[in-house]
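S.K.: predicted coordinates and the sequence they were generated for:
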Amino acid sequence: MKRIAIADCNNFFASCERVFNPKLIKKPVVVLSSNDGCIIARSNEAKALGIKMGEPFFKCADLIKKHNVFVFSSNFSLYGDMSARVMQTISELATDIEIYSIDEAFFYMQSPVIDFKTNQEKLDWYTNHAKYIKKQVYQKTGLPMSIGIGPTKTLAKIANKIAKKFPEFENVFDITNLSGVASAKTDHPKLDDILKNIEVGDVWGIGYRYAEFLKRYNIKTAYDFKQCDEAWVRKNLTINGLKTLLELKGTSCIKLEDNLDEKKSITVSRLFGKNITELNDLKEAVSYHITRAAEKLRRQNMSTSVITIFIAFANYYDPHKQYLSSTVTLPIASSYTPTLIQYAIQCLEKIYKKGVTYKKAGIILSDFCSASSIQLNPFEKIPNIEKQSQAMATVDKINSKMGKNKLFFAISGTKHIWQPKLEKKSPCYTTNWHDILTVKI
DNA sequence: TCTGGGGTCCTAGGACCC
DNA sequence: TCTGGGGTCCTAGGACCC
């Protein structure tokens, strides 16, 4: 039978930095999120120092200084490029690859080998083949990876955790091959032992909220969850929770997907460099975000018919509401920046409250259709789509040649007092502070 | 005009993932 | 306890239609 494997690169961003800088080998390395925010990747050495994932940078600055940790600002063009090479290598050795994130891919494995003595597939084939893939990726990219194998995506994810945790497995673990006893059966006692040692919140699909909820019912481990009543899970954790439960029991419910590269929505949002209160400043920010999103949309050759805008309060004056949002459905799908800005501003005006401070604005485009098949609405004034797309193509061309936002819409303004802090405060930890690689995305 | 039942669409919010 | 940004999916409730 087919196995599902999940491969992911160990400490991906930190490992990418290392590939091009041998000085970093065996040294603690961290990578920061945009806006200097927080730690988003750590090498094993940095983990060993107790630096936590997602920790705000300023909180661990002392620790970083003390242990000469190498700090990098994130460089997404580099990571994207490395990712493409990793995925290319895997796809040459597997069928039906699903690129799940920048550093993870699911793929199927099917043993071509039959053991003639027992008339069964050779169980070790999966582990050996995964080790081969891992080796190839390392040879071609210099990036270390781990691979977990299971009968379902959820169990493969658990196998992947084990592959990472116990060095004796050399970063490859097949949960369908426990002590050489057969295959994809999931009532193997050893599997239950594994699940008893996995916290329920560490199961793929069970997040912080559900984990807290389940703990109130004394469901603490993956094994406890596996014993739950299906109807109860369906009722309290929605259909997705039920799928997770069934997957733990060995029934595959979450299939591999192919064209994940066609986005169904596009979000652009940023915290402001400083809090703002004025409607005009919000308009500038929203227009700017819409402009960026529309560029992405056109690159996908899509038009959108739903725009959502949201603004987040700087202060929690209402614990139940941290932001305001408004959604509009366009009568005719569009990718024409001025049209999208016009609708977005209408939304903004609807929700804006005077006398409140805001820390963030964002926009979401959704419900796409192909730019060439826009449904016209007989009751609307028909836009000259041909002309509009020519105009946008020209703007896009100029901006891609001359630099982002060289040509922009007046409403986006020029003051940009809302813009995020750009000064990448390089804490000069002298000897170990490296030039930040900042590449325009 | 509020009397039954059924369906769809939209919106807001909540959960999850990396 | 959300620290940043970008995604997907599900559900409840209201509006509206026949």
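M.R.: Cool, the structure landed.
S.K.: what sits against the residue in the stretch 51-200 of chain A that DNA strand C sits nearest to?
M.R.: Proximity of the stretch 51-200 of chain A to DNA strand C (Cβ to the nearest atom of the strand) peaks at residue A:54, 2.9 Å away. All C-beta spots, glycine's among them, are computed from the backbone N, C-alpha and C. Applying Cβ atoms under 8 Å, 6 or more residues apart in numbering, we find residue A:54 in contact with A:38, A:39, A:40.
S.K.: in strands only, show me those.
M.R.: A:39, A:40 (DSSP state E).
S.K.: what residues does the stretch 51-200 of chain A put near DNA strand B?
M.R.: Residues of the stretch 51-200 of chain A lying near DNA strand B by Cβ under 7 Å from any atom of the strand: A:100, A:101, A:102, A:103, A:104, A:157.
S.K.: what two of the residues you listed are the furthest from one another?
M.R.: Pairwise distances across these (Cβ to Cβ) peak at 16.7 Å, for the pair A:102 and A:157.
S.K.: compare the two (neighbour count), which wins?
M.R.: Set residue A:102 next to residue A:157 and count neighbours by other Cβ atoms under 10 Å: residue A:157 wins out with 22 against 18.
S.K.: any chance you could map the helices in chain A?
M.R.: For chain A, the helices defined by DSSP state H occupy A:12-19, A:44-48, A:61-66, A:76-93, A:124-141, A:153-165, A:189-196, A:208-215, A:222-226, A:230-248, A:279-299, A:337-351, A:385-402.
S.K.: give me every residue that touches whichever residue of the stretch 101-250 of chain A sits closest to DNA strand C.
M.R.: As assessed by Cβ to the nearest atom of the strand, DNA strand C sits closest to residue A:238 within the stretch 101-250 of chain A, at 3.8 Å. Not one residue lies near residue A:238 by Cβ under 8 Å, 6+ apart.
S.K.: show only the entries of the residues of the stretch 51-200 of chain A next to DNA strand B found in strands.
M.R.: A:100, A:101, A:104.
S.K.: of the residues of the stretch 51-200 of chain A next to DNA strand B, which is the nearest to DNA strand B?
M.R.: So of those, ranked by how close each gets to DNA strand B (Cβ to the nearest atom of the strand), first place is residue A:101, at 3.9 Å.
S.K.: quick one: neighbours of that closest one, just the number.
M.R.: Neighbours of residue A:101 (other Cβ under 10 Å): 10.
S.K.: identify the bridge partners of it.
M.R.: residue A:104 (DSSP bridges).
S.K.: once you drop chain neighbours, what's closest to residue A:374?
M.R.: Nearest in space to residue A:374, with sequence neighbours left out and distances taken as Cβ to Cβ, 6 or more residues apart in numbering, is residue A:333 at 5.0 Å.
S.K.: count of residues packed around the one you found?
M.R.: Residue A:333 is flanked by 23 other residues according to other Cβ under 10 Å.
S.K.: isn't it up against residue A:370?
M.R.: No: applying Cβ atoms under 8 Å, one finds residue A:333 not in contact with residue A:370, separated by 9.3 Å.
S.K.: list residues touching both of the two?
M.R.: By the contact definition Cβ under 8 Å, 6+ apart, residue A:333 and residue A:370 are jointly contacted by residue A:303.
S.K.: show me the shaky parts of the stretch 1-150 of chain A.
M.R.: Low-confidence segments of the stretch 1-150 of chain A, defined by pLDDT under 70: A:35-36, A:113, A:119-120.
S.K.: which parts of it sit against DNA strand C?
M.R.: Close to DNA strand C, as judged by Cβ under 7 Å from any atom of the strand, the stretch 1-150 of chain A has residues A:33, A:34, A:35, A:37, A:38, A:40, A:54, A:56.
S.K.: count of neighbours near residue A:285?
M.R.: Neighbour count of residue A:285, defined by other Cβ under 10 Å: 28.
S.K.: fine by me, thanks again.
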